[in-house]
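Asker: Please find the sequence and the predicted model below.
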Amino acid sequence: MSKSKKKGVKVALIGSAAAGLAYLAAGEAFYEVFLTRKAVHKREKPHLPSQAEIERCKALEKYESPSEWYAAHDDNDIEMITLRGETIHAKLFTHDEPSHTYVICIHGYTSSPYRMASPAYHFYERGYNVLMPYLGGHGLSEKKTVSMGYHDRLNIVDWIDYIITFDRQAEIILYGVSMGAATTLLTTGEKLPENVKCAISDCGFTSAWEEFYLQCTNVAHLPPFPFLYALRRVAILRDKFDPKECSPLQCVARSVTPTLFIHGSKDVFVPFWMLDILYDNAACEKQKLVIEGAEHANSDDVNPELYWSTVFNFIDKYITPSAAADNVA
(Lines give C-alpha, C1' and ligand atoms only; values in the text may rest on other atoms or scores of the structure.)
Protein backbone atom coordinates (compact mmCIF):
# COMPACT_ATOMS: atom_id res chain seq x y z
CA MET A 1 0.00 0.00 0.00
CA SER A 2 1.35 3.38 -0.94
CA LYS A 3 2.10 6.01 1.70
CA SER A 4 -0.77 8.18 0.44
CA LYS A 5 -3.25 5.31 0.75
CA LYS A 6 -1.99 4.45 4.24
CA LYS A 7 -2.43 8.06 5.23
CA GLY A 8 -5.96 8.07 3.81
CA VAL A 9 -6.87 4.93 5.75
CA LYS A 10 -5.44 6.45 8.93
CA VAL A 11 -7.41 9.64 8.47
CA ALA A 12 -10.58 7.64 7.82
CA LEU A 13 -10.06 5.55 10.96
CA ILE A 14 -9.42 8.61 13.07
CA GLY A 15 -12.51 10.26 11.60
CA SER A 16 -14.64 7.20 12.32
CA ALA A 17 -13.35 7.00 15.89
CA ALA A 18 -14.02 10.68 16.43
CA ALA A 19 -17.53 10.34 15.02
CA GLY A 20 -18.18 7.34 17.29
CA LEU A 21 -16.97 9.20 20.36
CA ALA A 22 -19.09 12.22 19.45
CA TYR A 23 -22.10 9.93 19.01
CA LEU A 24 -21.64 8.37 22.45
CA ALA A 25 -20.94 11.77 24.00
CA ALA A 26 -24.26 13.07 22.65
CA GLY A 27 -26.04 10.03 24.07
CA GLU A 28 -24.30 10.39 27.42
CA ALA A 29 -25.28 14.07 27.61
CA PHE A 30 -28.94 13.31 26.86
CA TYR A 31 -28.92 10.46 29.36
CA GLU A 32 -27.54 12.68 32.12
CA VAL A 33 -30.13 15.37 31.37
CA PHE A 34 -33.17 13.08 31.40
CA LEU A 35 -32.56 9.66 32.95
CA THR A 36 -30.50 10.12 36.11
CA ARG A 37 -31.33 10.93 39.72
CA LYS A 38 -29.58 14.28 39.30
CA ALA A 39 -31.83 15.14 36.35
CA VAL A 40 -34.97 14.12 38.24
CA HIS A 41 -34.05 16.19 41.29
CA LYS A 42 -33.58 19.27 39.13
CA ARG A 43 -37.13 18.89 37.82
CA GLU A 44 -39.13 17.51 40.71
CA LYS A 45 -41.03 19.74 43.11
CA PRO A 46 -41.62 17.50 46.11
CA HIS A 47 -43.16 20.16 48.39
CA LEU A 48 -42.36 17.93 51.34
CA PRO A 49 -43.99 18.91 54.65
CA SER A 50 -41.80 20.56 57.28
CA GLN A 51 -41.28 18.90 60.64
CA ALA A 52 -43.58 21.49 62.22
CA GLU A 53 -46.29 20.65 59.67
CA ILE A 54 -45.84 16.93 60.32
CA GLU A 55 -46.27 17.42 64.06
CA ARG A 56 -49.32 19.64 63.54
CA CYS A 57 -50.99 17.08 61.27
CA LYS A 58 -50.24 14.19 63.62
CA ALA A 59 -52.18 16.03 66.33
CA LEU A 60 -55.29 16.42 64.15
CA GLU A 61 -58.34 14.30 64.77
CA LYS A 62 -59.67 15.01 61.27
CA TYR A 63 -57.76 15.85 58.08
CA GLU A 64 -58.89 18.75 55.94
CA SER A 65 -56.77 17.77 52.93
CA PRO A 66 -54.84 14.83 51.47
CA SER A 67 -51.58 16.61 52.24
CA GLU A 68 -52.49 16.74 55.95
CA TRP A 69 -53.30 13.04 55.92
CA TYR A 70 -50.00 12.24 54.21
CA ALA A 71 -47.98 14.45 56.57
CA ALA A 72 -49.56 12.80 59.60
CA HIS A 73 -48.23 9.45 58.37
CA ASP A 74 -44.89 10.71 57.10
CA ASP A 75 -42.90 8.18 59.12
CA ASN A 76 -44.51 5.06 57.64
CA ASP A 77 -41.57 4.19 55.36
CA ILE A 78 -40.91 0.54 54.56
CA GLU A 79 -38.06 -1.09 52.66
CA MET A 80 -37.39 -4.49 51.19
CA ILE A 81 -34.43 -6.27 49.61
CA THR A 82 -35.44 -7.92 46.34
CA LEU A 83 -34.17 -11.23 45.00
CA ARG A 84 -32.09 -9.11 42.60
CA GLY A 85 -30.24 -7.65 45.60
CA GLU A 86 -31.80 -4.18 45.34
CA THR A 87 -33.20 -2.29 48.33
CA ILE A 88 -36.51 -0.68 47.38
CA HIS A 89 -38.62 1.77 49.37
CA ALA A 90 -42.29 2.65 49.73
CA LYS A 91 -44.89 4.28 51.97
CA LEU A 92 -47.58 2.03 53.43
CA PHE A 93 -50.88 3.34 54.77
CA THR A 94 -53.01 0.70 56.50
CA HIS A 95 -56.29 0.90 58.38
CA ASP A 96 -56.68 0.03 62.03
CA GLU A 97 -59.75 -1.98 61.07
CA PRO A 98 -58.86 -5.05 58.98
CA SER A 99 -59.06 -4.58 55.23
CA HIS A 100 -57.91 -7.05 52.60
CA THR A 101 -58.03 -4.50 49.76
CA TYR A 102 -54.77 -2.81 48.74
CA VAL A 103 -53.97 -0.23 46.11
CA ILE A 104 -50.41 0.09 44.82
CA CYS A 105 -50.38 3.78 43.88
CA ILE A 106 -47.53 4.54 41.43
CA HIS A 107 -46.18 8.03 40.77
CA GLY A 108 -44.91 9.54 37.52
CA TYR A 109 -41.68 11.03 36.19
CA THR A 110 -40.19 13.65 38.60
CA SER A 111 -43.08 12.97 40.97
CA SER A 112 -43.19 11.20 44.34
CA PRO A 113 -45.58 9.45 46.73
CA TYR A 114 -46.25 12.83 48.36
CA ARG A 115 -47.44 14.30 45.08
CA MET A 116 -49.79 11.32 44.75
CA ALA A 117 -51.39 12.10 48.10
CA SER A 118 -54.70 13.16 46.55
CA PRO A 119 -55.55 9.93 44.70
CA ALA A 120 -54.06 7.87 47.53
CA TYR A 121 -56.36 9.59 50.03
CA HIS A 122 -59.38 8.83 47.83
CA PHE A 123 -58.50 5.15 48.01
CA TYR A 124 -57.76 5.30 51.73
CA GLU A 125 -61.10 6.97 52.49
CA ARG A 126 -62.79 4.21 50.54
CA GLY A 127 -61.39 1.76 53.06
CA TYR A 128 -58.43 0.48 51.06
CA ASN A 129 -54.87 0.11 52.29
CA VAL A 130 -52.42 2.04 50.13
CA LEU A 131 -48.82 1.21 49.23
CA MET A 132 -46.88 3.96 47.44
CA PRO A 133 -43.51 2.86 45.99
CA TYR A 134 -40.66 5.13 44.97
CA LEU A 135 -39.68 4.47 41.37
CA GLY A 136 -36.03 4.26 40.33
CA GLY A 137 -34.12 7.52 40.52
CA HIS A 138 -36.81 9.22 42.62
CA GLY A 139 -37.00 10.15 46.29
CA LEU A 140 -35.87 7.41 48.67
CA SER A 141 -35.03 5.04 45.81
CA GLU A 142 -31.41 3.96 45.97
CA LYS A 143 -31.24 3.50 42.21
CA LYS A 144 -29.42 6.32 40.41
CA THR A 145 -31.11 5.94 37.04
CA VAL A 146 -34.62 6.13 35.58
CA SER A 147 -36.02 3.40 33.32
CA MET A 148 -39.50 4.84 32.65
CA GLY A 149 -41.07 1.89 34.47
CA TYR A 150 -39.12 -0.85 32.66
CA HIS A 151 -37.10 -2.09 35.64
CA ASP A 152 -39.70 -0.78 38.10
CA ARG A 153 -42.25 -3.33 36.89
CA LEU A 154 -40.24 -6.07 38.59
CA ASN A 155 -40.19 -4.07 41.82
CA ILE A 156 -43.98 -3.75 41.65
CA VAL A 157 -44.20 -7.53 41.34
CA ASP A 158 -42.01 -7.72 44.45
CA TRP A 159 -44.34 -5.35 46.32
CA ILE A 160 -47.30 -7.52 45.28
CA ASP A 161 -45.55 -10.55 46.73
CA TYR A 162 -44.67 -8.57 49.86
CA ILE A 163 -48.35 -7.78 50.51
CA ILE A 164 -49.37 -11.39 49.98
CA THR A 165 -46.77 -12.67 52.47
CA PHE A 166 -48.62 -11.01 55.36
CA ASP A 167 -52.14 -11.12 53.91
CA ARG A 168 -52.90 -14.15 51.77
CA GLN A 169 -56.46 -12.87 51.30
CA ALA A 170 -55.21 -9.61 49.81
CA GLU A 171 -57.05 -8.20 46.80
CA ILE A 172 -54.67 -5.87 45.01
CA ILE A 173 -55.36 -3.00 42.61
CA LEU A 174 -52.65 -1.35 40.53
CA TYR A 175 -53.05 2.40 39.90
CA GLY A 176 -50.60 4.70 38.17
CA VAL A 177 -50.40 8.12 36.54
CA SER A 178 -48.20 8.98 33.51
CA MET A 179 -44.92 7.05 33.92
CA GLY A 180 -46.67 5.34 36.83
CA ALA A 181 -49.44 4.33 34.41
CA ALA A 182 -46.85 2.91 32.05
CA THR A 183 -45.32 1.03 34.98
CA THR A 184 -48.76 -0.34 35.81
CA LEU A 185 -49.29 -1.61 32.27
CA LEU A 186 -45.77 -3.04 32.09
CA THR A 187 -46.51 -4.92 35.32
CA THR A 188 -49.69 -6.43 33.87
CA GLY A 189 -47.53 -8.00 31.19
CA GLU A 190 -45.89 -10.15 33.87
CA LYS A 191 -47.35 -13.37 35.28
CA LEU A 192 -49.20 -12.05 38.33
CA PRO A 193 -50.84 -13.89 41.22
CA GLU A 194 -54.63 -14.09 41.34
CA ASN A 195 -54.57 -11.58 44.20
CA VAL A 196 -54.12 -8.81 41.58
CA LYS A 197 -57.71 -8.04 40.66
CA CYS A 198 -57.51 -5.06 38.30
CA ALA A 199 -55.41 -2.13 37.09
CA ILE A 200 -56.02 1.55 36.36
CA SER A 201 -53.82 3.44 33.91
CA ASP A 202 -54.16 7.23 33.84
CA CYS A 203 -52.45 8.74 30.75
CA GLY A 204 -49.93 5.98 30.08
CA PHE A 205 -47.71 5.95 26.97
CA THR A 206 -47.48 3.24 24.31
CA SER A 207 -43.69 2.89 24.58
CA ALA A 208 -40.79 4.84 26.05
CA TRP A 209 -39.23 5.01 22.59
CA GLU A 210 -42.33 6.57 21.05
CA GLU A 211 -42.66 9.01 23.95
CA PHE A 212 -38.97 9.98 23.69
CA TYR A 213 -39.36 10.41 19.92
CA LEU A 214 -42.25 12.83 20.39
CA GLN A 215 -40.43 14.81 23.09
CA CYS A 216 -37.28 15.00 20.99
CA THR A 217 -39.08 16.36 17.92
CA ASN A 218 -41.93 18.39 19.44
CA VAL A 219 -40.36 19.74 22.64
CA ALA A 220 -36.60 19.74 22.19
CA HIS A 221 -36.95 20.41 18.41
CA LEU A 222 -34.03 18.12 17.67
CA PRO A 223 -33.74 15.39 15.05
CA PRO A 224 -34.12 11.91 16.57
CA PHE A 225 -30.94 10.88 14.81
CA PRO A 226 -28.34 11.02 16.18
CA PHE A 227 -29.56 12.27 19.57
CA LEU A 228 -32.30 9.78 20.44
CA TYR A 229 -30.47 6.81 18.95
CA ALA A 230 -27.36 7.72 20.90
CA LEU A 231 -29.44 8.00 24.09
CA ARG A 232 -30.80 4.51 23.49
CA ARG A 233 -27.30 3.10 23.09
CA VAL A 234 -26.10 4.69 26.33
CA ALA A 235 -29.23 3.58 28.22
CA ILE A 236 -28.59 -0.01 27.16
CA LEU A 237 -24.93 0.18 28.14
CA ARG A 238 -25.45 1.91 31.48
CA ASP A 239 -28.71 0.45 32.74
CA LYS A 240 -29.70 -2.44 30.45
CA PHE A 241 -32.68 -0.27 29.58
CA ASP A 242 -33.84 -0.30 25.97
CA PRO A 243 -36.57 2.31 25.37
CA LYS A 244 -37.89 0.19 22.49
CA GLU A 245 -38.38 -2.77 24.85
CA CYS A 246 -40.12 -0.55 27.41
CA SER A 247 -43.46 -1.10 25.73
CA PRO A 248 -46.75 -1.04 27.63
CA LEU A 249 -48.35 -1.70 24.24
CA GLN A 250 -46.70 -5.12 24.01
CA CYS A 251 -47.59 -5.86 27.63
CA VAL A 252 -51.32 -5.12 27.40
CA ALA A 253 -51.46 -7.41 24.37
CA ARG A 254 -50.73 -10.35 26.68
CA SER A 255 -52.31 -9.02 29.87
CA VAL A 256 -55.09 -10.90 31.65
CA THR A 257 -55.57 -8.19 34.31
CA PRO A 258 -58.81 -6.19 33.84
CA THR A 259 -57.72 -2.64 33.08
CA LEU A 260 -59.33 0.79 33.07
CA PHE A 261 -57.62 3.18 30.65
CA ILE A 262 -58.05 6.91 31.44
CA HIS A 263 -56.83 9.86 29.36
CA GLY A 264 -57.49 13.58 29.09
CA SER A 265 -58.67 14.75 25.66
CA LYS A 266 -56.29 17.73 25.70
CA ASP A 267 -53.18 15.80 26.71
CA VAL A 268 -50.28 16.61 24.39
CA PHE A 269 -47.41 15.49 26.63
CA VAL A 270 -48.51 11.87 26.44
CA PRO A 271 -50.72 12.36 23.38
CA PHE A 272 -54.40 11.53 23.62
CA TRP A 273 -54.20 9.28 20.55
CA MET A 274 -52.13 6.77 22.53
CA LEU A 275 -55.26 5.88 24.53
CA ASP A 276 -57.04 4.13 21.67
CA ILE A 277 -53.93 2.27 20.56
CA LEU A 278 -53.42 0.85 24.05
CA TYR A 279 -57.10 0.10 24.52
CA ASP A 280 -57.62 -1.54 21.14
CA ASN A 281 -54.59 -3.81 21.60
CA ALA A 282 -55.36 -4.85 25.19
CA ALA A 283 -56.22 -8.54 25.44
CA CYS A 284 -57.71 -8.24 28.95
CA GLU A 285 -61.17 -7.20 30.09
CA LYS A 286 -61.10 -3.45 29.63
CA GLN A 287 -62.84 -0.11 29.89
CA LYS A 288 -61.81 3.39 28.92
CA LEU A 289 -62.64 6.83 30.24
CA VAL A 290 -62.02 10.08 28.38
CA ILE A 291 -62.04 13.26 30.46
CA GLU A 292 -62.93 16.07 28.09
CA GLY A 293 -60.74 19.15 28.39
CA ALA A 294 -58.19 17.53 30.68
CA GLU A 295 -54.50 18.01 29.97
CA HIS A 296 -51.69 15.73 31.11
CA ALA A 297 -52.23 14.05 34.48
CA ASN A 298 -55.03 16.35 35.66
CA SER A 299 -58.14 14.38 34.71
CA ASP A 300 -59.10 13.91 38.38
CA ASP A 301 -58.96 17.69 38.87
CA VAL A 302 -60.99 18.55 35.76
CA ASN A 303 -63.90 16.21 36.45
CA PRO A 304 -63.42 14.55 39.84
CA GLU A 305 -66.99 13.26 40.13
CA LEU A 306 -66.87 11.37 36.81
CA TYR A 307 -63.30 10.27 37.39
CA TRP A 308 -63.74 8.74 40.82
CA SER A 309 -67.19 7.29 40.26
CA THR A 310 -65.84 5.50 37.19
CA VAL A 311 -62.74 4.30 39.04
CA PHE A 312 -64.65 2.87 41.99
CA ASN A 313 -67.42 1.36 39.86
CA PHE A 314 -64.72 -0.39 37.85
CA ILE A 315 -62.93 -1.67 40.95
CA ASP A 316 -66.17 -2.88 42.51
CA LYS A 317 -66.64 -5.30 39.62
CA TYR A 318 -63.49 -7.19 40.56
CA ILE A 319 -63.10 -7.09 44.34
CA THR A 320 -65.30 -8.94 46.79
CA PRO A 321 -67.32 -7.07 49.43
CA SER A 322 -65.03 -7.02 52.43
CA ALA A 323 -63.97 -5.15 55.53
CA ALA A 324 -62.82 -2.36 53.23
CA ALA A 325 -66.45 -1.31 52.74
CA ASP A 326 -66.90 -1.07 56.51
CA ASN A 327 -64.10 1.49 56.76
CA VAL A 328 -65.80 4.08 54.56
CA ALA A 329 -66.70 7.10 56.64
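Answerer: Happy to help now that I have it.
Asker: now the nearest residue to residue 79 once chain neighbours are set aside: how far from residue 133?
Answerer: Excluding the flanking residues, the one nearest residue 79 by CB to CB, 6 or more residues apart in numbering is residue 89, at 4.9 Å. No exception for glycine: its C-beta is placed from N, CA and C like everyone else's. Remark: distance between residue 89 and residue 133 (CB to CB, to the nearest Å) = 7 Å.
Asker: mind listing the helices for this protein?
Answerer: For the chain, the helices defined by DSSP state H cover 3-34, 37-43, 51-58, 66-72, 117-125, 152-166, 179-188, 208-214, 224-239, 248-252, 273-281, 299-302, 304-316, 323-326.
Asker: so which of those is the most packed in?
Answerer: With neighbours defined as mean count of other CB atoms under 10 Å, the helices of the chain peak in mean count at helix 179-188, which reaches a mean of 30.
Asker: now that one, how far from the chain's geometric center?
Answerer: Relative to the centre of its chain, helix 179-188 is centred 6 Å away, using CA atoms, centre = their mean, to the nearest Å.
Asker: Which one's more surrounded, residue 89 and residue 133?
Answerer: Remark: of residue 89 and residue 133, residue 133 carries more neighbours, 29 against 18, as counted by other CB atoms under 10 Å.
Asker: Surely that one is in contact with residue 159?
Answerer: Yes: if you go by CB atoms under 8 Å, residue 133 and residue 159 touch, sitting 5.7 Å apart.
Asker: Now for these two: what residues contact both?
Answerer: Counting by CB atoms under 8 Å, 6 or more residues apart in numbering, the shared contacts of residue 133 and residue 159 are 88, 90, 104.
Asker: count of neighbours near the second one?
Answerer: By other CB under 10 Å, 24 other residues sit near residue 90.
Asker: Distance check, the closest residue to it other than its chain neighbours against residue 139.
Answerer: Spatial nearest neighbour of residue 90, excluding adjacent residues (CB to CB, 6+ apart): residue 133 at 4.2 Å. Counting by CB to CB, the separation of residue 133 from residue 139 is 10 Å.
Asker: Repeat that for residue 129.
Answerer: 20 Å.
Asker: Would you check how far apart residue 222 and residue 110 are?
Answerer: 20 Å.
Asker: Comparing these two, which residue is more hemmed in?
Answerer: A direct count of neighbours by other CB under 10 Å for residue 222 and residue 110 places residue 110 higher, at 19 against 14.
Asker: so the more buried one makes contact with residue 43?
Answerer: Yes: with contact defined as CB under 8 Å, residue 110 and residue 43 form a contacting pair (4.2 Å).
Asker: Please state the backbone phi and psi of residue 76?
Answerer: phi -90, psi 50 (degrees, to the nearest 10).
Asker: quick one: pLDDT of it?
Answerer: Listed pLDDT for residue 76 reads 87.
Asker: show me the contacts for it.
Answerer: Residue 76 neighbours (CB under 8 Å, 6+ apart): 91-93.
Asker: right, and residue 284 touches residue 260 too?
Answerer: No: in this structure, residue 284 is not within contact of residue 260 by CB under 8 Å, at 10.4 Å.
Asker: Counting neighbours around each, name which of these two comes out higher.
Answerer: A direct count of neighbours by other CB under 10 Å for residue 284 and residue 260 places residue 260 higher, at 23 against 15.
Asker: quick one: contacts for residue 142?
Answerer: 86-89.
Asker: can you check residue 181 too?
Answerer: So residue 181 contacts 106, 108, 201-205, 248 (CB under 8 Å, 6+ apart).
Asker: at 6 Å instead, please
Answerer: 201-204 (CB atoms under 6 Å, 6 or more residues apart in numbering).
Asker: ok, of those residues, which one's closest to residue 300?
Answerer: residue 202 (7.7 Å; CB to CB).
Asker: Mean pLDDT per element in the chain, and the minimum belongs to which helix or strand?
Answerer: One helix or strand of the chain scores below all others by mean pLDDT, DSSP states H and E: helix 323-326, with a mean of 48.
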